[in-house]
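Novice: my questions are about this predicted structure, shown below with the sequence.
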Amino acid sequence: MDTHAPHASLILADLQPLLDPAPLRLETGITRLDNGLLVVAVRTDLHGCKGRMLDWWFKFFETTQHIKWWHPHDHVEHRGWDSHWRRGESYVGASIHAVESLADIPPVAARLKFHDPAEAFGDARLRTATEAGDVSAAVYARIGFGDHAQLDAHGDPLDGDMVHLARDTPFGCVLRSRFYLGKSGAQPERDAADELGLALLRHCYTEFTYLSRFLPSIYYGEHGNGEKAPLPW
């Protein structure tokens, strides 16, 4: 994260507590930063899943059918990854185009460019949390909306940021998600209304709940990370 960019210091300060597994003041809900940016927080329990499976999923899905498995109601079309995406290897640095609705909000085009999550949390802090077992997967992306989403000189969408942070637990893993919306406008309260945040909250919780139902089977069936499925008998 460019700490000199507008909003960056406030977003960074809001993100840091996610690395601590202790309960947060806001696990699921919406709020605003001091500059008006809309914050959407979502906590989802992924039973039977581990962080390595979530990270693998972003290296695997590549079709409209795949994203419809992920959210049968809201996901409409996968318009493709760019050339930086390498199936089974890496999604960091890659951009994706898709069309999706957010609960009752009609479908809209979306563009995401994925970054190294160390940019969002700091390399040392993220490494320490990972080594302590407090983080098992981290996903960070810049996001934009519309067929002509605003991009900076590096091809990064300017509308907002997205973070997913997983921590393995005995039942599977817990996922903390954060979205920061309204970055590209002069009036975030107008450009990113509360209704958008609540719709995104429901969308995110629903898509990862759906994902948790089938991800282990797909992961083992595709020999994700070279793993063989454990035998139940």
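Specialist: Cool, the structure landed. Residues are numbered from 1 along each chain as shown.
Novice: where does the prediction get shaky in this protein?
Specialist: 1-6 (pLDDT under 70).
Novice: quick one: contacts for residue 126?
Specialist: Taking Cβ atoms under 8 Å, 6 or more residues apart in numbering as the contact definition, residue 126 lies against 19, 117, 118, 135, 138. To be clear about C-beta, it is placed using only N, CA and C from the backbone, and glycine gets the same treatment.
Novice: now do the same contact list for the third one.
Specialist: Applying Cβ under 8 Å, 6+ apart, one finds that residue 118 lies in contact with 126, 127.
Novice: any idea how far residue 103 is from it?
Specialist: 32 Å (Cβ to Cβ, to the nearest Å).
Novice: which stretches in the chain count as strands?
Specialist: With DSSP state E as the criterion, the chain has strands at 29-32, 38-47, 75-81, 95-102, 105-115, 137-145, 160-169, 172-181.
Novice: I'd like to know which of the ones you listed is closest to residue 125.
Specialist: strand 137-145 (11.1 Å; Cβ to Cβ).
Novice: other SSEs contacting the closest one?
Specialist: If contacts are counted by 3 or more Cβ pairs under 8 Å, 6 or more residues apart in numbering; DSSP states H and E, strand 137-145 sits against helix 51-57, strand 105-115, helix 118-121, strand 160-169.
Novice: closest to residue 222 out of those?
Specialist: For these, proximity to residue 222 was assessed by Cβ to Cβ; helix 51-57 is nearest, at 8.3 Å.
Novice: circling back: what would the strands of the chain look like in JSON lines with mean neighbour count and distance to residue 224?
Specialist: Shown next, in JSON lines, are these (neighbours: other Cβ atoms under 10 Å; distance: least, Cβ to Cβ, whole Å):
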{"stretch": "strand 29-32", "mean neighbour count": "16", "distance to residue 224": "33"}
{"stretch": "strand 38-47", "mean neighbour count": "20", "distance to residue 224": "15"}
{"stretch": "strand 75-81", "mean neighbour count": "17", "distance to residue 224": "18"}
{"stretch": "strand 95-102", "mean neighbour count": "19", "distance to residue 224": "19"}
{"stretch": "strand 105-115", "mean neighbour count": "18", "distance to residue 224": "18"}
{"stretch": "strand 137-145", "mean neighbour count": "22", "distance to residue 224": "13"}
{"stretch": "strand 160-169", "mean neighbour count": "22", "distance to residue 224": "15"}
{"stretch": "strand 172-181", "mean neighbour count": "23", "distance to residue 224": "15"}
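Novice: a markdown table for the ones you listed, including distance to residue 67?
Specialist: Putting those into a markdown table (distance: least, Cβ to Cβ, whole Å) gives the following:
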| stretch | distance to residue 67 |
| --- | --- |
| strand 29-32 | 24 |
| strand 38-47 | 17 |
| strand 75-81 | 4 |
| strand 95-102 | 7 |
| strand 105-115 | 11 |
| strand 137-145 | 15 |
| strand 160-169 | 15 |
| strand 172-181 | 17 |
